[in-house]
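Asker: Just to be clear, the model below is a prediction. Sequence and coordinates:
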Amino acid sequence: MAVILLLTGCVAALLSQTAGRELIRQRVDERSRVTLAGNTRPEAIADNDRGVVRDDLALDHMMLQLKRSPAQEQAVAKFIDELHDPNSPNFHKWLTAAEFGQRFGAAESDIRAVTIWLKSQGFRINTV
């Protein structure tokens, strides 16, 4: 089964504050792949299959979304709870998209690793 990776057209700016949150620690091993469950749109069923496409078919407007680690996800949930807790020092301390990316986004090294791998697979990256 072929796996299609989706690229993002719009991700919050990531700055050096993401250091220390790296999740990719080794090169991609092309021989070791897994299929992730829950990533297929409900419309992708046999009844909608229109057959094989040519190898050079361009797929525009694709998006890749990276998943946070459980610890990162817990930190986001805690921060969101604190935004609404009048007793918290973070009460109503809203973040811009860039600030959110800096605190809770992917590490720059992970973004670079994914970008390099995607380019090596023939993908064109418009923006990150």
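Answerer: On my side now, so go ahead.
Asker: Only the buried residues of stretch 96-110, if you could.
Answerer: Buried positions in stretch 96-110, judged by neighbour count with 16 or more other Cβ atoms under 10 Å: 99, 101-108, 110. To be clear about C-beta, it is placed using only N, CA and C from the backbone, and glycine gets the same treatment.
Asker: Make JSON lines from those and add pLDDT, distance to L36 and secondary structure to it.
Answerer: Shown next, in JSON lines, are these (pLDDT from 0 to 100; distance: Cβ to Cβ, whole Å; DSSP: H, G, I helix; E, B strand; the rest coil):
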{"residue": "E99", "pLDDT": "94", "distance to L36": "29", "secondary structure": "helix"}
{"residue": "G101", "pLDDT": "90", "distance to L36": "23", "secondary structure": "helix"}
{"residue": "Q102", "pLDDT": "89", "distance to L36": "27", "secondary structure": "helix"}
{"residue": "R103", "pLDDT": "91", "distance to L36": "26", "secondary structure": "helix"}
{"residue": "F104", "pLDDT": "92", "distance to L36": "21", "secondary structure": "helix"}
{"residue": "G105", "pLDDT": "91", "distance to L36": "20", "secondary structure": "coil"}
{"residue": "A106", "pLDDT": "91", "distance to L36": "17", "secondary structure": "coil"}
{"residue": "A107", "pLDDT": "91", "distance to L36": "20", "secondary structure": "coil"}
{"residue": "E108", "pLDDT": "90", "distance to L36": "24", "secondary structure": "helix"}
{"residue": "D110", "pLDDT": "92", "distance to L36": "17", "secondary structure": "helix"}
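Asker: show me where this protein has helices.
Answerer: Secondary structure of the chain (DSSP state H): helices at 70-83, 97-104, 108-120.
Asker: distance of the residue positioned nearest the centre of the chain from T96?
Answerer: The centre of the chain sits closest to L66, judged by Cα atoms, centre = their mean, with a distance of 2.0 Å. According to Cβ to Cβ, to the nearest Å, L66 stands 20 Å off from T96.
Asker: do L83 as well
Answerer: According to Cβ to Cβ, L83 stands 14 Å off from T96.
Asker: Also R68?
Answerer: Shown here: R68 relative to T96, a distance of 19 Å by Cβ to Cβ.
Asker: cool, T115 as well?
Answerer: Relative to T96, and taking Cβ to Cβ, T115 is found at 23 Å.
Asker: All set now, cheers.
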